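A.B. asks: Return a 3D structure for these sequence lines:
(one chain, ligands or ions: 2)
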Amino acid sequence: MRTENPNEEGFDDPTSPATGLAAVADVAVRTKDVWKIYAQESEDVEAVRGVSLEVREGDFMTMAGPSGSGKTTLLNMLGGLTRPTSGRIWVGDLEITTLSNKELARLRLESIGFVFQAFNLLPVLSALENAEFSLLLRGVPTEERHRRVRALFDEIGLEGLEDRRPGKLSGGQQQRVAVARAVVGEPTLVLADEPTANLDSHTSDALLDVMERLNQEHGTTFLFSTHDPRVMERARRRVSLVDGQIESDER
Ligand code: ADP
Ligand code: MG
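C.D. replies: Numbers count the residues shown, from 1 in each chain. Ligands and ions are numbered 1, 2, ... in the order given. Model (predicted):
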């Protein structure tokens, strides 16, 4: 499977200019001694404690760990949604810990797809409108937006549900809309927080098929937090987090 991936180490791309700059972009996301401490009235919570992690472009990896181990906090920091208390984070060769909120928002729009644990769909928009949102913000014409969303919806069993609002969809259907929204713009990095938690095995496989296809065809990097053995089985790399620290890292 590894050899199919054009972004793997050692792959010699004859089209890339010999500037040496290309080598920098081999890393999709990197952290250096990242901490997140939530100040609480009683006692501070050290949610993430000194994580240094390097995710290579084209990786398809999972992050497991018990509830409360810091998975969501770490993903939110990698996606520029939460700022670390200390430490540095890079997305590609761009250090995001020094960016303004506006710059972070633009980076997320252009390069990062995020699947939230709680979906975060907009209740007043239809399934299709939720899924096409990032394309709309980027100025993609209506027809193309709809074509891309419909193709994805067909693939993951949401056909016919385009006009429904999230309140009229099951948890699993909302989750699929959230995944469609994250991947429809073909971002370079997808961060997904327990994306199959509410799905039956058939639907979960269909979602993973879509993600694997994007990974193989476009070299999209995927990082999932998950407890799902089905997801972990298909990953090429598995990290486990315990008490805010990386406990193991298997390839
Ligand atoms: P996981 O996703 O692995 O369940 P989280 O990142 O959600 O872990 O939480 C890690 C720890 O940080 C937990 O102890 C949780 O209670 C705490 N925590 C998470 N978010 C906040 C917050 N916004 N304020 C205070 N504590 C938080
Ligand atoms: Mg979580």
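
A.B. asks: ok, the residue located most distally from the centre of the chain to ligand 2 distance?
C.D. replies: In the chain, residue 42 marks the outermost C-alpha relative to the chain mean, sitting 33.0 Å out by Cα atoms, centre = their mean. In this view, residue 42 and ligand 2 are 21 Å apart by Cβ to the ion, to the nearest Å. The C-beta positions use only the backbone N, C-alpha and C, and glycine is treated the same way.

A.B. asks: Same check on residue 230?
C.D. replies: 18 Å.

A.B. asks: try residue 94
C.D. replies: From residue 94 over to ligand 2 (counting by Cβ to the ion), the distance is 26 Å.

A.B. asks: what residues are up against that residue?
C.D. replies: For residue 94, the contact set (Cβ atoms under 8 Å, 6 or more residues apart in numbering) comprises residue 107.

A.B. asks: Quick check: phi and psi at it.
C.D. replies: Backbone torsions of residue 94, given as degrees, to the nearest 10, read phi -100, psi 120.

A.B. asks: Can you give me the distance of it to residue 159?
C.D. replies: 37 Å (Cβ to Cβ, to the nearest Å).

A.B. asks: Likewise for residue 180?
C.D. replies: Taken as Cβ to Cβ, the span from residue 180 to residue 159 is 12 Å.

A.B. asks: which residues in this protein form helices?
C.D. replies: Using DSSP state H, the helices assigned to the chain run over residues 71-78, 101-111, 127-131, 133-137, 142-155, 171-183, 201-218, 229-234.

A.B. asks: At the geometric centre of this structure, which residue sits there?
C.D. replies: With the centre of the chain defined as its mean C-alpha position, the nearest residue by Cα atoms, centre = their mean is residue 191, 1.4 Å away.

A.B. asks: Thanks a lot, catch you later.
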